[in-house]
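> Structure, please.
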Amino acid sequence: MSEQKPINPWNYKPWWCQPWSILLTGVTLISGSWLLFKIIWLTVLVAIPLLAWMGFFLLVWPQLMIGSGVLESDQNPEV
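Sure thing, here's the model as predicted:
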């Protein structure tokens, strides 16, 4: 019997679309907005879409990929 490893959708993404790069980009842009302008409402305006983007790609997208079964068919090709 072969042991099934858990499916990791991040194995199918390039280096620039990994969790660490998404977090680093979001934190850098939000922090940069604050450091550059020091205006809270502008930083919040920048943060809202960035946090939505980060939340989608870090929390929602992996679950959608695992649930869709697309990665399972890629992991177990029919011979």
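> I'd guessed Pro19 sits against Pro9; true?
No. Checked against C-beta atoms under 8 Å, the pair Pro19 and Pro9 is beyond contact range at 10.5 Å. From N, CA and C alone the C-beta is placed, and that goes for glycine too.
> tell me the mean pLDDT over the host helix or strand of Thr28?
For Thr28, the enclosing helix or strand under DSSP states H and E is helix 19-37. When pLDDT is averaged along helix 19-37, the result is 97.
> Same question for stretch 59-78: list its buried residues.
By 16 or more other C-beta atoms under 10 Å, the buried positions in stretch 59-78 come out as Trp61, Pro62, Met65, Leu71.
> Pull the contacting residues for the last one.
The neighbourhood of Leu71, defined by C-beta atoms under 8 Å, 6 or more residues apart in numbering, consists of Ile7, Pro9, Tyr12, Met65.
> Next: the first one.
Taking C-beta under 8 Å, 6+ apart as the contact definition, Trp61 lies against Pro9.
> Was I right to think Ile30 contacts Ala47?
Yes. Judged on C-beta under 8 Å, Ile30 makes contact with Ala47 at a distance of 4.8 Å.
> Which parts of this structure are strands?
Per DSSP state E, the chain carries no strands over any range.
> Give me the below-cutoff pLDDT ranges for it.
Applying pLDDT under 70 to the chain picks out residues 1-3, 74-79.
> Which stretches in it count as helices?
19-37, 40-55, 61-68, 70-75 (DSSP state H).
> picking up where we left off before, what's the helix holding Thr28 in contact with?
When contacts are defined by C-beta under 8 Å, 6+ apart, helix 19-37 is touched by residues 10, 15, 40, 42-43, 46-47, 50-51, 53-54, 57-58.
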